[in-house]
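1. Coordinates only, no sequence provided:
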């Protein structure tokens, strides 16, 4: 995959919200990752590639954490979009016609791909509305404190937390 220079750790240097004095605690991603975005590999995925790019960003975090572990010798590379599609077909999740399509992927496909490529189980946390998000903040904070991995937030405030379990 011919990838242009990707931004690393895009969350670093971001200012806290203006009313941050009212915050008692803040939690962020720990560990490094590369930020994958539309067109970063000269592949035009505008309008349909957001799930793939989020998956690649999460894979980047997992890969970099595993490479820090001296016992890890062979860690899969971050997959390209065609490799992701081929993997979903090989796992039996998608039909052969999925390869080369512009079909979206969502949290389920992200979870099974991460588990398949990196042997990392994922957790899906459903958040049905913005109001419900408030009640999930303790679980999200625990996620960042325990695992530190990025999370994927889907449309209409459906939240998905991907937990990296190191063994």
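-> Perfect, I can see it now. Not measured: the values here are computed from a predicted model. Numbers count the residues shown, from 1 in each chain.
2. Quick one: residues contacting the most centrally placed residue in the chain.
-> The residue lying closest to the centre of the chain (Cα atoms, centre = their mean) is residue 58, at 3.1 Å. The contact partners of residue 58, by Cβ atoms under 8 Å, 6 or more residues apart in numbering, come to 33, 110, 114, 149-150, 152, 162. (Each C-beta comes from the backbone N, C-alpha and C, glycine too.)
3. try 7 Å
-> Neighbouring residues of residue 58 by Cβ atoms under 7 Å, 6 or more residues apart in numbering: 110, 114, 150, 152, 162.
4. Using a markdown table, lay out those together with distance to residue 54 and secondary structure.
-> Shown next, in a markdown table, are the contacts of residue 58 (distance: Cβ to Cβ, whole Å; DSSP: H, G, I helix; E, B strand; the rest coil):
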| residue | distance to residue 54 | secondary structure |
| --- | --- | --- |
| 110 | 7 | helix |
| 114 | 11 | helix |
| 150 | 8 | coil |
| 152 | 5 | strand |
| 162 | 9 | coil |
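5. Just the closest of those residues to residue 84, please.
-> residue 110 (9.3 Å; Cβ to Cβ).
6. got a list of what the closest one touches?
-> Here residue 110 is in contact with 51, 54-55, 58, 152 (Cβ under 7 Å, 6+ apart).
7. Quick check: the residue nearest to the centre of the chain is in a helix.
-> Yes - the assignment for residue 58 (DSSP: H, G, I helix; E, B strand; the rest coil) places it in a helix.
8. Within the helices and strands, which one has residue 52?
-> In the assignment (DSSP states H and E), residue 52 maps to helix 50-68.
9. Find the residue ranges of this structure scoring beneath the pLDDT cut-off.
-> 1-4, 70-73, 154-167 (pLDDT under 70).
10. What ranges does it have for its strands?
-> 7-8, 34-35, 152-153, 159-160 (DSSP state E).
11. Residue 125: which of those is closest?
-> Minimum separation from residue 125 across the strands of the chain (Cβ to Cβ) falls at strand 159-160, 5.3 Å.
12. Check the gap between residue 63 and residue 118 for me.
-> 7 Å (Cβ to Cβ, to the nearest Å).
13. about what we covered before: just give me the closest of the contacts of residue 58 to residue 68.
-> The closest of these, once distances to residue 68 are taken by Cβ to Cβ, is residue 150, at 16.1 Å.
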